[in-house]
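> Quick one, fold the following:
(one chain, ligands or ions: 1)
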Amino acid sequence: GVAIGSLLKETGLVTVDPGFMNTASCTSEITYIDGDAGVLRYRGYPIDQLAKSSSFLEVAYLLVHGELPNAAELGAFVERVERHTHLHENFRNLIGAFPRDAHPMAILSSAVSALPGYYPESVDPFDPARVELATVLLLAKAPTIAAYAHRHSLGQEMIGPEPSLGYVGDFLRMCFADGGEYEPSPSLAEALNLLLVLHADHEQNCSTSTVRIVGSAHANLYASVSAGINALSGPLHGGANEAVLEMLRDIRESDDDVDTFMKRVKNKDKGVRLMGFGHRVYKNYDPRAAIVKSTADRILSELGKRDEMLDIAMRLEEIALSDSYFIERKLYPNVDFYTGLIYKAMGFPTTMFTPLFAVGRMPGWIAQWREMMNDPTTKIGRPRQVYTGHTDRDYVELDAR
Ligand code: ACO
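Below is the predicted model:
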């Protein structure tokens, strides 16, 4: 990296690569994707094995520390995270100050930006113990913030954590408990754990690259992750899970049938896209989408919430997979195509779908930020440009324009 960097400086060579289609911004040991073969591995472990057997915090430990924890390491890590799930009382005021219909992603990024003000002892990006504390605090507090945002949007009292229910179970309780005791259904907790594991990292996507570039200026972990949350909110990125459900709802409620909708997509009618399809890196079935699809089928049937929209989604996929428009462009379902249906069956409103993605992506953002900060070849992110504006011209006084 250093040698190439100085060579480019000496020759004055600049490459233009919009959207970084062919430019690697870093080397990384965290996540491997083979987009042509549809392969995803975290630290070498195939995603389907982790999805089948691991807990979200176990995967978080793996991503951040590089190895699967043994029982004692996992126990200590989980205990530490669960000990910090409480939020300072002021966060009820901070979140409560937002309008009820404010998007929870705005609340999540704002509250994450506010965290270093409450935990100044954890902000130093170069002190390993403080970085570990910030790691634990972010993992611990993200679900609580998301749950508070959810309850605030419904005008319900924000209820604090009860760590004995476990990370995922307690998150469900903070979102859905309606006074009195709350026992999350094991299949719901299992499905949510799985979705969080599937979202935990995905190498240099838009939000992760944002986290890295903000961190490259030595901004602290919270500031960097907050920027990543904002990047994730875009409908071409994490916001796609919300957009998919809106698309399915529109199809169900409009006079258009599935075939007419697909014609509009292929004609690029008003730029309409089949949301939840296509990926910069996967030119094959997204391995996460395959796992989510079978989970959606199972969990919706189990909950007795098999939805007409699942049938619409499956029909869209069936058409797409045999249609030359999608085949030629190698467009397959991505992770977001089926997740929204599961979140909806769990009882989450569409606006909560992307915050759920953010809670899942937290370990990846943290691991990538830490890897970058520990890499001696890291330089501040500062892309070049090729200027195409006016050449030199003289200022014109206001009254002469
Ligand atoms: N529906 C219809 N056509 C599509 C779609 C789609 N979902 N995705 C891509 N295309 C078409 C484009 O129109 C383009 O066609 P052209 O060659 O005739 O111009 C071609 O396929 C290539 O598409 P690009 O936009 O150049 O691909 P890019 O890699 O830049 O974009 C992206 C990838 C943003 C994911 C895109 O596929 C998309 O918009 N998908 C829908 C949104 C979505 O699901 N995003 C979630 C991504 S996964 C994640 O963030 C978790």
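
> From here on, just use CA atoms for contacts and neighbour counts.
Fine.

> Now do the closest residue to the ligand within the stretch 101-250 of the chain against residue 100, distance only.
As assessed by Cα to the nearest ligand atom, the ligand sits closest to residue 237 within the stretch 101-250 of the chain, at 3.4 Å. Distance of residue 237 to residue 100, given as Cα to Cα, to the nearest Å: 24 Å.

> Provide a list of residues in contact with residue 244.
274-276, 336-337, 340 (Cα atoms under 8 Å, 6 or more residues apart in numbering).

> how close does it get to residue 332?
14 Å.

> what do you get for residue 155?
Counting by Cα to Cα, the gap from residue 155 to residue 332 is 39 Å.

> who has more neighbours, these two?
More crowded of residue 155 and residue 332, by other Cα atoms under 10 Å: residue 332, with 22 against 12.

> my guess is that one meets residue 287, correct?
No: counting by Cα atoms under 8 Å, residue 332 stays clear of residue 287, with 10.4 Å between them.

> Residue 62 - nearest residue in space that isn't next to it in sequence?
residue 68 (4.8 Å; Cα to Cα, 6 or more residues apart in numbering).

> gap between the one you found and residue 130?
Distance from residue 68 to residue 130, by Cα to Cα: 22 Å.

> One more: residue 298?
For residue 298, the distance to residue 130 - Cα to Cα - is 42 Å.

> thinking again about what came up before, list the contacts for the residue of the stretch 101-250 of the chain closest to the ligand?
Contacts of residue 237 by Cα under 8 Å, 6+ apart are 206, 231.

> ok, now residue 141?
Residue 141 touches 84-87, counting by Cα under 8 Å, 6+ apart.

> Show me those residues that map onto strands.
Cross-referencing the contacts of residue 141 against strands under DSSP state E gives no overlap.

> which two from those end up farthest apart in space?
84 and 87 (7.9 Å; Cα to Cα).

> Give the next helix or strand downstream of the helix or strand of the chain with the lowest mean pLDDT.
Sorted by mean pLDDT, DSSP states H and E, the helices and strands of the chain end with helix 2-11, the least confident at a mean of 63. On the C-terminal side of helix 2-11, the closest following helix or strand by DSSP states H and E is strand 31-34.

> packing partners for that next one?
strand 39-42 (3 or more Cα pairs under 8 Å, 6 or more residues apart in numbering; DSSP states H and E).

> Just the CA trace of the strand it packs on, in PDB.
Output in PDB follows, covering the C-alpha atoms of strand 39-42 (Å, rounded to 0.1, in the frame of the first residue of the first chain):
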ATOM      1  CA  VAL A  39     -19.900 -17.300  -0.700                       C
ATOM      2  CA  LEU A  40     -19.700 -15.300   2.500                       C
ATOM      3  CA  ARG A  41     -17.400 -16.100   5.500                       C
ATOM      4  CA  TYR A  42     -16.700 -14.300   8.700                       C
END
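
> Could you list the residues in contact with it?
By Cα under 8 Å, 6+ apart, strand 39-42 touches 30-34, 46-47, 62-63, 201, 286-287.

> Now tabulate those residues in a markdown table and tack on distance to residue 104 and pLDDT.
Shown next, in a markdown table, are the contacts of strand 39-42 (distance: Cα to Cα, whole Å; pLDDT from 0 to 100):
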| residue | distance to residue 104 | pLDDT |
| --- | --- | --- |
| 30 | 29 | 98 |
| 31 | 28 | 98 |
| 32 | 31 | 98 |
| 33 | 30 | 96 |
| 34 | 33 | 96 |
| 46 | 32 | 98 |
| 47 | 28 | 97 |
| 62 | 28 | 98 |
| 63 | 26 | 98 |
| 201 | 21 | 98 |
| 286 | 27 | 92 |
| 287 | 28 | 94 |
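
> So which bits of stretch 40-51 are buried?
40-43, 47-48, 50-51 (16 or more other Cα atoms under 10 Å).

> Next step: the contacts of residue 244 restricted to helices.
336-337, 340 (DSSP state H).

> Can you tell me the closest non-neighbouring residue to residue 115?
Using Cα to Cα, 6+ apart, the closest residue to residue 115 is residue 222 (7.0 Å).

> you'd agree that neighbour is in a helix?
Yes: counting by DSSP: H, G, I helix; E, B strand; the rest coil, residue 222 is part of a helix.
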